[in-house]
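In: what follows is a predicted protein model with its sequence.
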Amino acid sequence: MVSRLDQVLKELNDNGNFRASLLATNAGLVLASQKSEDIDERVVAAMGSLLSDAASNASEEMNLSLLSSIKIKYSEDFIICRNIIMSDKKTQFILAVLSKNPESNEIESYYDQLLDWAVENARPDLEKLSSI
């Protein structure tokens, strides 16, 4: 099962030219990752979990809708964290991606489409994991 998640992430990185992508629990436990050697997947998962938790808390405190994704742009880098909520409405996973800043809005939109594809293709295996 995890090897299938790895394959989804590999295709995601190949198509988006991402430096890293990973799937983790909302607590920051890495389930699968594809990354360059200079990136520590545990740090990415922990930071993704922290960002997701902070954004979810803000959502609750300000009576906002359900958190979908987080995008952070640095001068040269870009982080996208996508919340994946399972059918039981309790279990959550995080898809985190690191890349260089997109050069245009069209490329950023393409990144969003790639993440939609990755979530769709990872969801069946994540559903199985959430039922364990």
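Out: Great, that's in hand.

In: could you use CA atoms for every contact and neighbour count after this?
Out: OK.

In: how far does stretch 67-75 stretch from one end to the other?
Out: The first residue of stretch 67-75 is 25 Å away from its last residue (CA to CA, to the nearest Å).

In: so which bits of it are buried?
Out: Of all the residues in stretch 67-75, those buried under the rule 16 or more other CA atoms under 10 Å are L67, S69.

In: contact partners of that stretch?
Out: The contact list for stretch 67-75 (CA atoms under 8 Å, 6 or more residues apart in numbering) reads 51-52, 55-56, 59, 78-84, 101.

In: cutoff 7 Å now
Out: For stretch 67-75, the external contacting residues (CA atoms under 7 Å, 6 or more residues apart in numbering) are S56, F78, I79, I80, C81, R82, N83, N101.

In: take the residues you listed and lay them out in CSV including secondary structure, pLDDT and neighbour count.
Out: Formatted as CSV, the contacts of stretch 67-75 follow (DSSP: H, G, I helix; E, B strand; the rest coil; pLDDT from 0 to 100; neighbours: other CA atoms under 10 Å):
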residue, secondary structure, pLDDT, neighbour count
S56, helix, 85, 18
F78, strand, 94, 17
I79, strand, 93, 20
I80, strand, 94, 21
C81, strand, 93, 26
R82, strand, 93, 23
N83, strand, 92, 24
N101, coil, 94, 16
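
In: the residues you listed: which two are farthest apart?
Out: Pairwise distances across the contacts of stretch 67-75 (CA to CA) peak at 24.6 Å, for the pair S56 and N101.

In: return the set of buried residues in the longest helix belonging to the chain.
Out: Secondary structure of the chain per DSSP state H: the longest helix is helix 105-130. If you call a residue buried by 16+ other CA under 10 Å, then helix 105-130 has these buried ones: Y111, D112, L114, L115, A118, V119, N121, A122, R123, L126, E127, S130.

In: who does it touch, helix- and strand-wise?
Out: Helix 105-130 is packed against helix 2-16, with contacts defined by 3 or more CA pairs under 7 Å, 6 or more residues apart in numbering; DSSP states H and E.
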